[in-house]
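Colleague: Provided below are the primary sequence and the corresponding predicted coordinates.
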Amino acid sequence: MTPDERLDRIEERLAAIERHLGMTAPAAHVPSEPRPAPQPGSASPSPPPASSAGSDSSSAPARPKPKEPVETRIGAHWLNRAGIAALVIGAAFFLEYAFVNQWIGPAARVGIGLAAGVVLFAWSERFQRHGYVAFAHSLKVAGAGILYLSIWAASQTYALIGNASAFAGMALITASIVALSIRHQSEFLAALAFTCGFLTPVLLSTGANRQVELFSYLAVLDVAALVLAALFPWGRALAVAYVGTQLLFIGWFNAHFTPAQTRNTIAFAALFFLLFAVVPLLRRWNGTAAAGGAALLLAFLNAFVYFMQLTFILRGDALRLSRHALVLAGFHVVLMAAMRIRTGRDDLAAAQLAIAIVFVTVAIPLRLDALWVTIGWLVEAGALLALAPRVPGAAARVFRLLGTIALVFGVFRLLFLDRFEPARFLFNERTASYALAIALFAGMAWRTARSGRQGLWKFSLFAANALALIVLTAEVSDYFTKWGGSQFAASRLARDFSW
């Protein structure tokens with residue numbers, strides 16, 4: 001092989017490596033006739049075009065965005081926010097000082113505050129257009145705070161305007177910030193808008209019981225939050241709306257609730273529950289991990305908070321609570337089917353199924369008494385564990401987990417809480433209850449033996465045999481005790497006979 005051929009092969013290999021790495025590969029050297037030397041005055045050959053390099057660089061994967069240094073985050077965000085907070089506090093102290101010294105009249109004070117808030121909003125838009133988003137957001141927070149303080153002072157301190165006018169002004173500010181959040185597609189501004197919206201009834205509260213007006217206003221805010229959730233995957237805005245709704249509901253309940261308002265209170269609590277229960281149906285949450293996680297957490301939190309509200313409203317009425325639990329279980333089963341069709345996410349559908357099963361588990365002890373609670377949990381455990389292999393994906397894991405929990409609850413009650421007074425030997429409630437638990441563990445042993453899970457198979461066999469020995473010991477002991485023998489002799493005979 002001549003040196004020229006070796007050089008050609010080396011260049012071909014380098015070109016292949018560069019193509020594999022996505023780099024611009026120069027053309028392979030092709031042996032050709034010796035080029036004549038350039039004549040004096042002739043133009044030199046033009047360089048190769050760089051279009052291929054541009055195309056290759058465009059097809060190369062984009063580099064990840066560099067992470068902001070800690071110094072930049074502190075300077076651009078935290079110190080910025082601290083400065084804005086200082087500005088708002090300083091404005092508040094200035095207004096107070098001006099009030100005390102009577103420098104300006106009440107109307108002029110309020111007018112200065114309103115003008116300052118509007119100027120800050122206009123100024124923030126200028127910074128927003130130039131790309132200073134964090135600073136623009138901080139100016140909007142300061143502007144909203146000053147506007148709210150000014151309207152609150154005009155209504156509550158100087159009585160220049162009534163509560164209705166103050167409410168209209170604050171609602172206008174909230175609506176304006178919502179419009180800006182949509183215009184700039186900013187989740188931060190949406191969260192700010194809802195924070196202002198939920199502060200409005202707190203700032204303008206007169207202490208009167210206006211349940212219908214307050215909860216209707218909260219429902220309007222929640223509907224606006226759902227509309228934004230349908231347009232954008234904004235988990236933080238939803239969180240502000242949900243937390244604000246629940247805090248105001250709890251505040252009203254502690255201050256004004258009476259048994260005469262039970263029906264209206266349950267209706268509004270159910271309305272808030274339904275509004276946030278349908279959040280996962282509003283859009284497909286695929287590809288937005290944070291928002292999808294918020295939707296998943298909201299499903300569990302919403303169901304738990306609503307049932308706790310029912311518990312306090314109904315004052316522990318077990319029968320009515322059991323009915324509500326069963327209705328909620330059916331509702332979440334319907335939601336599960338809808339989410340499987342709408343979102344295509346198994347985790348959201350499985351979450352609804354898990355909530356439904358939990359409500360059934362809660363309804364059993366509320367609806368039944370003593371021994372029937374144990375039997376109900378054991379039957380539920382058997383149904384869930386039997387259905388687990390027949391359902392796909394995440395639902396199977398939910399069935400196995402909740403079936404195991406129900407089985408543990410049932411066996412715990414059977415061993416430590418239930419008290420039996422059998423009237424006959426063997427054919428009684430105790431034997432029937434233990435037989436059901438033994439059958440469940442025997443079925444688990446049979447299924448795990450087929451699947452080859454030796455550890456779970458051994459545990460299931462041990463549990464079934466242990467329960468059988470416990471119930472036989474108790475039955476024989478009761479039989480000989482009631483027959484007339486001594487307690488010690490009966491216990492010893494029962495132990496020897498059983499074991």
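Modeller: Arrived safely, thanks for sending.

Colleague: what packs against the helix or strand that contains residue 217?
Modeller: Secondary-structure assignment from DSSP states H and E places residue 217 in helix 211-231. Helices and strands touching helix 211-231, by 3 or more Cβ pairs under 8 Å, 6 or more residues apart in numbering; DSSP states H and E, are helix 163-184, helix 187-203, helix 235-256, helix 262-277. Every C-beta, even on glycine, is put in place using the N, C-alpha and C of the backbone.

Colleague: can you give the distance of whichever helix in the chain runs longest from its chain's centre?
Modeller: Criterion DSSP state H: the longest helix present in the chain is helix 454-483. A distance of 44 Å separates the centroid of the chain from that of helix 454-483, by Cα atoms, centre = their mean, to the nearest Å.

Colleague: one more: stretch 155-165?
Modeller: 39 Å.

Colleague: again, but for stretch 470-486
Modeller: Using Cα atoms, centre = their mean, the mean C-alpha position of stretch 470-486 is found 54 Å from that of the whole chain.

Colleague: who's in contact with residue 124?
Modeller: By Cβ atoms under 8 Å, 6 or more residues apart in numbering, the residues touching residue 124 are 135, 136, 137, 138, 139, 140, 143.

Colleague: re the thing from before, nearest to residue 120, out of the helices and strands packed on helix 211-231?
Modeller: Closest to residue 120 of those is helix 163-184 (Cβ to Cβ; 12.1 Å).

Colleague: before we move on, what SS does residue 426 have?
Modeller: For residue 426, the secondary structure call by DSSP: H, G, I helix; E, B strand; the rest coil comes out as coil.

Colleague: with adjacent residues omitted, what lies nearest to it?
Modeller: residue 475 (5.8 Å; Cβ to Cβ, 6 or more residues apart in numbering).

Colleague: next, the contact list for that neighbour, please.
Modeller: Taking Cβ under 8 Å, 6+ apart as the test, what residue 475 contacts is 422, 425, 426, 430, 431, 494.

Colleague: next, the angle helix 262-277 makes with the helix or strand hosting residue 358.
Modeller: Residue 358 is part of helix 346-367, with elements assigned from DSSP H and E. Angle of helix 346-367 versus helix 262-277, following axes from the mean of the first three to the mean of the last three Cα atoms, to 10 degrees, is 160 degrees.

Colleague: list the helices and strands helix 346-367 packs on?
Modeller: helix 289-313, helix 318-342, helix 371-387, helix 393-412.

Colleague: for that helix, buried residues please.
Modeller: Going by neighbour count (16 or more other Cβ atoms under 10 Å), the buried part of helix 346-367 is 346-367.

Colleague: same check, this time on stretch 191-209
Modeller: 191-201, 203-205.

Colleague: from the residues you listed, which single one is nearest residue 275?
Modeller: residue 194 (13.6 Å).

Colleague: count the neighbours of the closest residue in space to that closest one that isn't next to it in sequence for me.
Modeller: Leaving aside its chain neighbours, residue 194 sits nearest to residue 240 (4.5 Å; criterion: Cβ to Cβ, 6+ apart). For residue 240, the count of nearby residues is 21 (other Cβ atoms under 10 Å).

Colleague: equivalent analysis for residue 301, please.
Modeller: Neighbours around residue 301, by other Cβ under 10 Å: 15.

Colleague: what of the one 5 residues further on?
Modeller: Here the neighbour count serves as a burial measure; for residue 306 (other Cβ under 10 Å) it reads 20.

Colleague: mind listing what's buried along the helix holding residue 217?
Modeller: So, applying 16+ other Cβ under 10 Å, buried residues of helix 211-231: 214, 215, 217, 218, 221, 222, 224, 225, 226, 228, 229.

Colleague: quick one: it to helix 187-203, angle?
Modeller: Angle of helix 211-231 versus helix 187-203, following the same axes, to 10 degrees, is 180 degrees.

Colleague: thinking again about what came up before, now the buried residues of stretch 191-209 in a markdown table, with distance to residue 116?
Modeller: Below are the buried residues of stretch 191-209 laid out as a markdown table (distance: Cβ to Cβ, whole Å):
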| residue | distance to residue 116 |
| --- | --- |
| 191 | 23 |
| 192 | 18 |
| 193 | 20 |
| 194 | 23 |
| 195 | 20 |
| 196 | 17 |
| 197 | 22 |
| 198 | 24 |
| 199 | 19 |
| 200 | 20 |
| 201 | 25 |
| 203 | 18 |
| 204 | 21 |
| 205 | 25 |
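
Colleague: need the contact list for residue 445.
Modeller: 457, 460, 461, 464.

Colleague: as JSON lines, the helices and strands packed on helix 346-367 with mean pLDDT and distance to residue 445 would be great.
Modeller: Below are the helices and strands packed on helix 346-367 laid out as JSON lines (pLDDT from 0 to 100; distance: least, Cβ to Cβ, whole Å):
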{"stretch": "helix 289-313", "mean pLDDT": "83", "distance to residue 445": "33"}
{"stretch": "helix 318-342", "mean pLDDT": "90", "distance to residue 445": "30"}
{"stretch": "helix 371-387", "mean pLDDT": "86", "distance to residue 445": "12"}
{"stretch": "helix 393-412", "mean pLDDT": "85", "distance to residue 445": "13"}
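
Colleague: now distance to residue 125 too, for these, in a markdown table please.
Modeller: Listed next are the helices and strands packed on helix 346-367 as a markdown table, based on distance: least, Cβ to Cβ, whole Å:
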| stretch | distance to residue 125 |
| --- | --- |
| helix 289-313 | 27 |
| helix 318-342 | 37 |
| helix 371-387 | 56 |
| helix 393-412 | 45 |
